[in-house]
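**Q** sequence first, then the predicted structure, then my questions.
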Amino acid sequence: MATDENLPPFSFVEGGKVVGVDVDMLREAARRAHVALDIQPMPWKRVLQELRQGDVPLASPLFRTPEREAFADYLGPVHISMLGLFVRKDRMFPFNKVDDLQGKRLGVMRGFVMQDELDAAIKAGRVQVEEGTTVEQNVGKLVLGRVDAFINNVASTYYQVRGTPAAQQIVVLPVLLQEHRPAFLAASKAARGAALPGVEALGKALQKQMQDGTYQKILAGYTGQ
């Protein structure tokens, strides 16, 4: 199967080996399903291309979209994506809806696709944004007070700041912009003709791991949360 080679903490290459939350989830699911799984990291565009063409039978992590449902069957979740607002602990503010961000200056990742309502508020000029190219750069702006909040994937941010002084200075606000968006292991429809032994069991194992605490334990190992 194929997976993204540069999506920490979910799947990435470290010390020449593919690691991450998704990878650990998949290896545990393979153990439970008695399946031999060869996980190959590659650039994300290639992951999607090879899955679409049937060059690889399995790939992760895929969000469910109408376009992808045309060429992929979704099996089981490998992680849950949550989009949050990170702030300095000494500069927290009430947040329950996008209108609460009016007049705030937000740090965002360059090219990052956000929540629809927030995108509309940014385009209308009700919310100001300052783009950064890395999590470290955006967190640095937040710590220095150059932005009021930093919008990003919760797990990715906590992973990137873990063990740094910034980890003690920032926190994600309780109300998230996007709370529960599962990313899945998917099977190529073009490759399903070559019957994949154990694939259904693999999907069921992933679903079980989301319910029995396995996912939370694996995620905490990477984020410290």
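**A** Sure thing, it's come through. Just so it is clear, the structure is predicted and the values come from calculations on it, not from any experiment. Numbers count the residues shown, from 1 in each chain.

**Q** which helices and strands sit right next to the one helix or strand Thr157 maps to?
**A** Counting by DSSP states H and E, the element that carries Thr157 is helix 154-161. Applying 3 or more Cβ pairs under 8 Å, 6 or more residues apart in numbering; DSSP states H and E, we find helix 154-161 packed against strand 72-88, helix 135-144, strand 170-172, helix 214-223. Where you see a C-beta, it was placed from the backbone N, CA and C, and this is true even at glycine.

**Q** which neighbouring elements make contact with the shortest one?
**A** Taking 3+ Cβ pairs under 8 Å, 6+ apart as contact, the helices and strands that strand 170-172 lies on are strand 72-88, helix 135-144, helix 154-161.

**Q** out of the helices and strands packed on helix 154-161, which one sits most buried?
**A** Per residue and on average, the most neighbours among those fall to strand 72-88, with a mean of 21 (mean count of other Cβ atoms under 10 Å).

**Q** let me see the mean pLDDT of the helix or strand just after that one.
**A** As assigned by DSSP H and E, the chain's next helix or strand after strand 72-88 is strand 105-109. If you average the pLDDT over strand 105-109, you get 92.

**Q** which residues are contacting strand 105-109?
**A** Contacts to strand 105-109, defined as Cβ atoms under 8 Å, 6 or more residues apart in numbering, come from residues 85, 114, 127-135, 138, 141-142, 146-152.

**Q** inside helices: which ones of those residues?
**A** Among the contacts of strand 105-109, the members found in helices (DSSP state H) are Val135, Asn138, Lys141, Leu142.

**Q** a markdown table for those residues, including pLDDT and distance to Ser188?
**A** Formatted as a markdown table, the ones in helices among the contacts of strand 105-109 follow (pLDDT from 0 to 100; distance: Cβ to Cβ, whole Å):
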| residue | pLDDT | distance to Ser188 |
| --- | --- | --- |
| Val135 | 93 | 32 |
| Asn138 | 95 | 35 |
| Lys141 | 96 | 41 |
| Leu142 | 97 | 40 |
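
**Q** out of these, who's nearest Thr157?
**A** Proximity to Thr157 was ranked across the ones in helices among the contacts of strand 105-109 by Cβ to Cβ; first place goes to Val135, at 5.9 Å.

**Q** what is the burial count for the nearest residue to that closest one once chain neighbours are set aside?
**A** Leaving aside its sequence neighbours, Val135 sits nearest to Gln160 (Cβ to Cβ, 6 or more residues apart in numbering; 4.1 Å). Per other Cβ atoms under 10 Å, the neighbour tally for Gln160 reads 21.

**Q** and if you look at Asp116?
**A** A total of 10 residues lie near Asp116 under the criterion other Cβ under 10 Å.

**Q** may I have stretch 90-107 as PDB, with CA atoms only?
**A** Output in PDB follows, covering the C-alpha atoms of stretch 90-107 (Å, rounded to 0.1, in the frame of the first residue of the first chain):
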ATOM      1  CA  ASP A  90      -2.100  34.300  28.500                       C
ATOM      2  CA  ARG A  91      -4.100  35.700  25.600                       C
ATOM      3  CA  MET A  92      -7.100  33.300  25.400                       C
ATOM      4  CA  PHE A  93     -10.400  34.800  24.100                       C
ATOM      5  CA  PRO A  94     -14.000  33.500  23.900                       C
ATOM      6  CA  PHE A  95     -14.700  31.600  20.700                       C
ATOM      7  CA  ASN A  96     -17.900  29.800  19.700                       C
ATOM      8  CA  LYS A  97     -18.400  30.900  16.100                       C
ATOM      9  CA  VAL A  98     -16.500  32.400  13.200                       C
ATOM     10  CA  ASP A  99     -18.100  35.900  13.900                       C
ATOM     11  CA  ASP A 100     -16.100  35.900  17.200                       C
ATOM     12  CA  LEU A 101     -12.900  36.200  15.100                       C
ATOM     13  CA  GLN A 102     -13.900  39.600  13.600                       C
ATOM     14  CA  GLY A 103     -11.000  42.000  14.000                       C
ATOM     15  CA  LYS A 104      -8.600  39.200  14.900                       C
ATOM     16  CA  ARG A 105      -5.400  38.600  13.000                       C
ATOM     17  CA  LEU A 106      -4.900  34.900  12.300                       C
ATOM     18  CA  GLY A 107      -1.800  33.000  11.300                       C
END
